[in-house]
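*Asks:* Pasting a predicted model and its sequence here:
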Amino acid sequence: MSNKHFDLVVIGSGPGGYIAALKAAERGASTAIIERHPFYGGTCLNWGCIPSKALLATAELSHEIGHAKEMGLDLTGEVTVNWTRVQKRKDKILTKLRGGIKGLLAARKVVGYQGLGVLDGEGRVVITNDDGSAKETITTDRVILATGSTPVRIPGWPTDTNFVCTSDESLHWDTLPKKLLIVGGGVIGCEFACMLQPFGVDVTIVEMMPKLLPGMDGSLADELAKVFKSRGIKCLLSTRVEDMGIKDDAVNVRFGDGNSDTFDRVLVAVGRRPATSGIGLDTVGIKLNDRGFIETDDTLLTARKKYYAIGDANGKCLLAHAASAHGVSAVESALGHPRAFDSPIPFAVYTFPEVAGVGLTHEEAHARGIPISVGLFPLGHLGKAMAVGDT
């Protein structure tokens, strides 16, 4: 039996979901938000953007201290990393931001439910426990699916997360590894390499493509590879991992070029997959594409009227700020003011130095036959870069 009825229900409380819920409530819609975890914020706040940036801030400060002499500072004594305090600082930030989202939702009178939100036919959503048992059923006129994504894990590789893990676990490590292999040289892999090297971790990246940051501008990837090499971060490009096993409290890895090596831990950073299974999409006739994403039109509407999908769940752009923008567009559309979402989405890779871009890469433009010109300006020639020591 349904207990409550809402104008709109949002499933998922990440940067897409909670922004959508706030926007809907602001527009006067009675709104509920369902989150399977005991805290709000989704991947971005709890296992992604925020914890990684907190750790990166400490890493960058450590890196800068290491170059203090170049800036005219003589530091006495040894600079060491207190990993426990680094983690406590990060956790304090997460706790504060979780409370902030909770407060915003309460101020807008958004009703929160803790549990997995499962569609159960037209206009019905069941909130379930972890074991699948139903806690409560609510009804709604409209649904926004903001279920996000999860890290890809490789079938057949060791499952002991003390040795082979994803970003979900590694952002909350109790201890640092001495020697780490990062499988995947994309955004996550490069950020972790840049983060962990200043903490004294011996980092190796293995990437099956010929460049780091596949899909981004190749010249940016080339420059980042030079920076990594200068810091002692090893990059094995055009290289696959053929086999992996745990022996004697270490991970033995065999590469496609025939070489082998042993690592304390392995971080798998080969991408993310949508969290779209087990939420009852079939009960309302919503189908997934061949990659598991929910297909939508430009207004974020699915194949089913009054059901919208935003953020990582639709696969259009797996970035937190894109999810937030999707949330606003979806709410406008759901409440009777259809709004196409067609803005180019800028990206940023929070290494130091940072990498950023927007729109087509020059490789994509050439592939489409679009005539372009490329302008280059070396930051090393910039007065400000010289002044602050970041050339």
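*Replies:* Yep, it's here. Numbers count the residues shown, from 1 in each chain.
*Asks:* CA only for contacts and neighbour counts going forward, please
*Replies:* OK.
*Asks:* Wait, Ile19 touches Ser324, no?
*Replies:* Yes: here Ile19 lies in contact with Ser324, judged by CA atoms under 8 Å, at a distance of 5.9 Å.
*Asks:* who has more neighbours, those two?
*Replies:* When Ile19 and Ser324 are compared for neighbours, Ile19 comes out ahead with 23 against 20, by other CA atoms under 10 Å.
*Asks:* and the more buried one, helix, strand or coil?
*Replies:* Reduced to three states with DSSP: H, G, I helix; E, B strand; the rest coil, the structure at Ile19 is helix.
*Asks:* What pLDDT is listed against it?
*Replies:* pLDDT for Ile19: 98.
*Asks:* contacting residues around it?
*Replies:* By CA atoms under 8 Å, 6 or more residues apart in numbering, Ile19 lies in contact with Ser324, Gly327, Val328.
*Asks:* any idea which of these is the one closest to Lys306?
*Replies:* Among the contacts of Ile19, Gly327 lies closest to Lys306 (CA to CA), at 14.1 Å.
*Asks:* Report the separation between that closest one and Leu224.
*Replies:* Using CA to CA, to the nearest Å, Gly327 is found at 33 Å from Leu224.
*Asks:* between those two, which one's more packed in?
*Replies:* Between Gly327 and Leu224, counted using other CA under 10 Å, Gly327 has the larger neighbour count: 31 against 21.
*Asks:* my guess is the more buried one meets Leu22, correct?
*Replies:* No: counting by CA under 8 Å, Gly327 sits too far from Leu22 to count as a contact (9.5 Å).
*Asks:* Tell me which stretches of this structure form helices.
*Replies:* Assigned by DSSP state H, the chain shows helices spanning 17-26, 42-47, 49-66, 83-107, 167-170, 187-196, 218-230, 320-334, 362-367, 383-388.
*Asks:* Just the buried positions in the shortest one, please.
*Replies:* By neighbour count on 16 or more other CA atoms under 10 Å, the buried set for helix 167-170 is Ser167, Asp168, Ser170.
*Asks:* Return the member of those nearest to Arg36.
*Replies:* Asp168 (15.9 Å).
*Asks:* number of nearby residues for the residue nearest to that closest one when sequence neighbours are not counted?
*Replies:* Nearest residue to Asp168, sequence neighbours excluded (CA to CA, 6 or more residues apart in numbering): Trp47, at 5.2 Å. Applying other CA under 10 Å, we find 20 residues neighbouring Trp47.
*Asks:* Could you pull up the contacting residues of Trp47?
*Replies:* Residues counted as contacts of Trp47 (CA under 8 Å, 6+ apart) are Ser167, Asp168, Glu169, Leu171.
*Asks:* Can you pull the poorly scored residue ranges out of the chain?
*Replies:* Under the criterion pLDDT under 70, the flagged ranges of the chain are 1-2.
*Asks:* center of it, which residue is that?
*Replies:* The centroid of the chain falls nearest to Gly48 when counting by CA atoms, centre = their mean (4.8 Å).
*Asks:* residues in contact with that one?
*Replies:* When contacts are counted by CA under 8 Å, 6+ apart, Gly48 touches Ser167, Asp168, Leu171.
*Asks:* Gly112 too?
*Replies:* The neighbours of Gly112, taking CA under 8 Å, 6+ apart as the test, are Ala32, Ile33, Ile34, Glu35.
*Asks:* From Pro38, how far off is Trp47?
*Replies:* Using CA to CA, Trp47 is found at 14 Å from Pro38.
*Asks:* can you count the residues close to the residue nearest to Gly389 when sequence neighbours are not counted?
*Replies:* Leaving out its chain neighbours, the residue that sits closest to Gly389 by CA to CA, 6+ apart is Met71, at 7.3 Å. Neighbours of Met71 under the rule other CA under 10 Å: 12.
*Asks:* again with Lys384
*Replies:* For Lys384, the count of nearby residues is 12 (other CA under 10 Å).
*Asks:* With Val111 instead?
*Replies:* When neighbours are defined as other CA under 10 Å, Val111 has 15 of them.
*Asks:* Which strand residues bridge it?
*Replies:* Note on Val111: beta-bridge partners Ala32, judged by DSSP bridges.
*Asks:* From the contacts of Gly48, pick the one nearest Asp257.
*Replies:* For the contacts of Gly48, the nearest to Asp257 is Ser167 (26.3 Å; CA to CA).
*Asks:* what's the longest strand in this structure?
*Replies:* strand 134-145 (DSSP state E).
*Asks:* Pull out the buried residues from that strand.
*Replies:* Buried residues in strand 134-145, counted by 16+ other CA under 10 Å: Glu136, Thr137, Ile138, Thr139, Thr140, Arg142, Val143, Ile144, Leu145.
*Asks:* In TSV, list those along with distance to Asp243.
*Replies:* Below are these laid out as TSV (distance: CA to CA, whole Å):
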residue	distance to Asp243
Glu136	45
Thr137	46
Ile138	48
Thr139	49
Thr140	49
Arg142	47
Val143	43
Ile144	41
Leu145	37
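*Asks:* What sits closest to His362 if chain neighbours are left out?
*Replies:* Leaving aside its chain neighbours, His362 sits nearest to Asp217 (6.6 Å; criterion: CA to CA, 6+ apart).
*Asks:* From what I see, that neighbour and His366 are in contact.
*Replies:* No: between Asp217 and His366 there is no contact under CA under 8 Å: 11.8 Å.
*Asks:* And the two? Which one has more around it.
*Replies:* Between Asp217 and His366, counted using other CA under 10 Å, Asp217 has the larger neighbour count: 19 against 12.
*Asks:* show me the contacts for that one.
*Replies:* Here Asp217 is in contact with Thr361, His362, Glu363 (CA under 8 Å, 6+ apart).
*Asks:* where do the strands sit along the stretch 201-350 of the chain?
*Replies:* Along the stretch 201-350 of the chain, counting by DSSP state E, counting those that start in this stretch, strands occupy 202-207, 234-237, 241-247, 250-255, 260-263, 265-268, 272-274, 307-309, 347-349.
*Asks:* quick one: which of those strands is nearest Ala387?
*Replies:* Each of these has some distance to Ala387 by CA to CA; the shortest is strand 347-349, at 23.5 Å.
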